[in-house]
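[1] sequence-free structure coming up:
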């Protein structure tokens, strides 16, 4: 199993996850044309995508659904509330594959567990995605995907504990958000609220609270372009992971990552 974050931030979010038998996108927050170009940069084709795992319906996570009408073979996994909202305004019927939030389902050689997260969308979720049979020939590896949440309840902390790799939101620096002159007070309240986005300090607290984790690598994602920076995230959160011997990478707003290979 290997994956790459194609883009992350308020302008769009998507990642590519691949096994020997399966190619999926986690979210599709860019136009289909843009997604195709991003995949080509990895040596992949959009026609080879088997499915999309959709966390919620906001445009920076679901905008690509409109153009993906040309690729009806791509299944889209979402809960019913997300699918209903995302379908609004689309001229084509998305090939939805519905799941219940909190359930675990199989897609080809992937085991996918969903869990509720607190965000101002219809029914947003995070994912724990696992591959392998947990034996010598096929060791089990897993990826936890956790973005777009205002705080982390206990069940979220428990779901991400056993993942080998964690992708977690570090959206804003609270001081930079407070000093920002572009956003009205109401928007700042939404971002920093309990159904908004994790600050750097909240991300650090989350990492500190999850003891005895299996994480080998943590990716910090969904950074605000104006109200955060990779340096601020590293300063706030890096020492927690370094003390545990866990690697980490900060994905700047709009940036992508090379493939991460699961050993």
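    That came through, no problem. Just so it is clear, the model here is predicted, and its values are computed rather than measured. Numbers count the residues shown, from 1 in each chain.
[2] who touches residue 30 in this structure?
    Residues near residue 30 by CB atoms under 8 Å, 6 or more residues apart in numbering: 6, 7, 12, 14, 38, 63, 64. Quick note: C-beta positions are derived from backbone N, CA and C, even for glycine.
[3] Dump those to CSV, plus pLDDT and secondary structure.
    Below are the contacts of residue 30 laid out as CSV (pLDDT from 0 to 100; DSSP: H, G, I helix; E, B strand; the rest coil):
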residue, pLDDT, secondary structure
6, 98, strand
7, 98, strand
12, 97, coil
14, 98, strand
38, 98, helix
63, 97, helix
64, 97, helix
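[4] Of those, just the buried ones, PyMOL syntax please.
    To isolate the buried ones among the contacts of residue 30 in PyMOL, judged by 16 or more other CB atoms under 10 Å, type:
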select buried, resi 6+7+12+14+38+63+64
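[5] Compile the contacts of residue 30 into JSON lines and extend it with columns for distance to residue 146.
    Listed next are the contacts of residue 30 as JSON lines, based on distance: CB to CB, whole Å:
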{"residue": "6", "distance to residue 146": "17"}
{"residue": "7", "distance to residue 146": "17"}
{"residue": "12", "distance to residue 146": "18"}
{"residue": "14", "distance to residue 146": "16"}
{"residue": "38", "distance to residue 146": "22"}
{"residue": "63", "distance to residue 146": "21"}
{"residue": "64", "distance to residue 146": "21"}
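[6] List just the nearest of the contacts of residue 30 to residue 102.
    Distance to residue 102 across the contacts of residue 30 (CB to CB) is lowest for residue 14, with 23.9 Å.
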